[in-house]
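Novice: fold the following, please.
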Amino acid sequence: MLSRVPGHWELILLALVLLLLFGAKQLPQIGRNLGRGVRELKDTVGDVDPRADVRKALEAPEDEARSGSTAPRDD
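Specialist: Below you'll find the predicted structure:
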């Protein structure tokens, strides 16, 4: 876990380094793409229902028991 959040001077230095590395035209595109990625990740995580997996796991043994009794066995 992070013991310390970067201060103002560290963030300013990081912004200057990024500006020098990528240039003024690329930084807005990079930020936009990162924002879209984070938004897509949040939407995907929000759509997943963790209880659905539990319901499937609980229903699966019942379905196997029903289908197992009617299926022919090879002995």
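Novice: ok, now how distant is the residue nearest to the spatial centre of the chain from Ala24?
Specialist: For the chain, the residue sitting closest to the mean C-alpha position, by CA atoms, centre = their mean, is Leu41 at 4.9 Å. Going from Leu41 to Ala24 by CB to CB, to the nearest Å gives 27 Å. No exception for glycine: its C-beta is placed from N, CA and C like everyone else's.
Novice: then Asp49?
Specialist: Asp49 sits at a distance of 43 Å from Ala24 (criterion: CB to CB).
Novice: same deal with Asp47?
Specialist: As defined by CB to CB, Asp47 lies at a distance of 36 Å from Ala24.
Novice: before we move on, the earlier item: per-residue confidence for the residue nearest to the centre of the chain?
Specialist: Reading off the per-residue confidence, Leu41 sits at a pLDDT of 92.
Novice: give me the helix or strand of this structure that scores worst on average pLDDT.
Specialist: Lowest on mean pLDDT, DSSP states H and E among the helices and strands of the chain sits helix 50-70, with a mean of 69.
Novice: list the helices and strands the helix or strand hosting Gly35 packs on?
Specialist: Assignment of secondary structure by DSSP states H and E places Gly35 within helix 26-47. With contacts taken as 3 or more CB pairs under 8 Å, 6 or more residues apart in numbering; DSSP states H and E, helix 26-47 sits against helix 8-22.
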